[in-house]
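**Q** Predicted structure and sequence below. I'll ask about it afterward.
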Amino acid sequence: MPTTMNKQQALTQVLKVLEKHYAPPDPDEKPVLEQLLYAVLREGTTRDQADAAYKTLETKFIDWNEIRVSSPQEIADALGSLPGAAEKSTRLIGILQHVFETTFSFRLEDIDKKGLKQAAKQLGRFAEASDFAVAWVLQRSLGGHALPLDAPSLRTLHRLGLVDHLDEHLESIRSTLEHYIPKSRGPLFTDTVSMVAKDYCWAEEPHCSACPLLKDCPTGQERKNISDTKPTRMKPR
């Protein structure tokens, strides 16, 4: 594992490689509520998958109220192959119901007037808003320095040696990473690490040999060394 002294260097190198391999994310200007709903779709997936799911919702439903009064199954069917579609459909409806009951509208724009800490607390009161979703809104809509971390990203960062213990409190992990990653690079970090998780760093049998981070990944190097030392089977004559 990289020590505290060289984690900054390791993270800088990882971002440098990923920036060359993946296109940077486009600026995201969704209002707060829309950003929160998008974050639910985005957790555990990639930008492209979440974008497609969000567009489908906008196309198939008249407005947020129609989604609120639809059944979870109807929403899940619309989300199609999006990972976790069934669970996410319930979360979307729950958020919309909560907002409607408390504001009689589908807006959360006043939240940005309360400061980041109060905004985070208010968003955290949504039972359906995970740590990832709250951090996503803070990063993308409220100008905060927060790193949304979902399970695939944590898995990838752990294998890279940038997260020491996966059972560590998530807030502590985020705080450490936010210390080393500049605020301006936060969206790039979030999007590119999730792409590595999808393209190479799978939960089972990761595709380390093709990963752009192979040279910088202790796990990838270990798997490569094991593969290199395996005896070659002779073909029968």
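**A** Arrived safely.
**Q** And the helix or strand harbouring residue 187, what does it pack against?
**A** Secondary-structure element containing residue 187, defined by DSSP states H and E: helix 186-199. Contact analysis of helix 186-199 by 3 or more CB pairs under 8 Å, 6 or more residues apart in numbering; DSSP states H and E lists helix 4-21, helix 47-60, helix 131-140, helix 151-159 as its packing neighbours. Where you see a C-beta, it was placed from the backbone N, CA and C, and this is true even at glycine.
**Q** Among these, show me which one is buried the most.
**A** Among the helices and strands packed on helix 186-199, the stretch with the highest mean neighbour count (mean count of other CB atoms under 10 Å) is helix 131-140, at a mean of 24.
**Q** now that helix against helix 186-199, angle please.
**A** Angular relation of helix 131-140 and helix 186-199 on a 0 to 180 degree scale: 140 degrees, by axes from the mean of the first three to the mean of the last three CA atoms, to 10 degrees.
**Q** and helix 131-140, how far out from the chain's middle?
**A** 9 Å (CA atoms, centre = their mean, to the nearest Å).
**Q** I figured residue 57 hits residue 78, correct?
**A** Yes - between residue 57 and residue 78 there is a contact under CB atoms under 8 Å: 6.2 Å.
**Q** what's in contact with the helix or strand that residue 76 is a member of?
**A** Assigning secondary structure by DSSP H and E places residue 76 in helix 72-79. Contacts with helix 72-79, where a contact means CB atoms under 8 Å, 6 or more residues apart in numbering, come from 41, 53, 56-57, 60-61, 67, 85-86, 88-90, 92-93.
**Q** Now with 10 Å, please.
**A** Under the criterion CB atoms under 10 Å, 6 or more residues apart in numbering, residues 41, 49, 52-54, 56-57, 59-61, 66-68, 70-71, 82, 84-94 lie in contact with helix 72-79.
**Q** mind giving me the domain ranges of the chain?
**A** The chain resolves into domains spanning 1-26+144-228, 32-140 when parsed by automatic domain parsing.
**Q** ranking those by mean pLDDT, which is last?
**A** Set side by side, the domains of the chain differ in mean pLDDT, and domain 1-26+144-228 is lowest with a mean of 92.
**Q** Apart from its neighbours in sequence, what residue is nearest residue 141?
**A** Taking CB to CB, 6 or more residues apart in numbering as the measure, residue 141 lies nearest to residue 35, with 4.4 Å between them; neighbours along the chain are not counted.
**Q** residues contacting the one you found?
**A** Neighbour list for residue 35: 28-29, 42, 108, 133, 136-142 [criterion: CB under 10 Å, 6+ apart].
**Q** what kind of secondary structure is it in?
**A** In terms of secondary structure, residue 35 is helix; the call rests on DSSP: H, G, I helix; E, B strand; the rest coil.
**Q** could you check the distance from it over to residue 77?
**A** Computed as CB to CB, to the nearest Å, the residue 35 to residue 77 distance reads 24 Å.
**Q** can you check residue 123 too?
**A** Using CB to CB, we find residue 123 at a distance of 28 Å from residue 77.
**Q** For the two, indicate the residue with more neighbours.
**A** Neighbour count, other CB atoms under 10 Å: between residue 123 and residue 77, residue 123 has more, with 22 against 14.
**Q** Cheers, nothing more for now.
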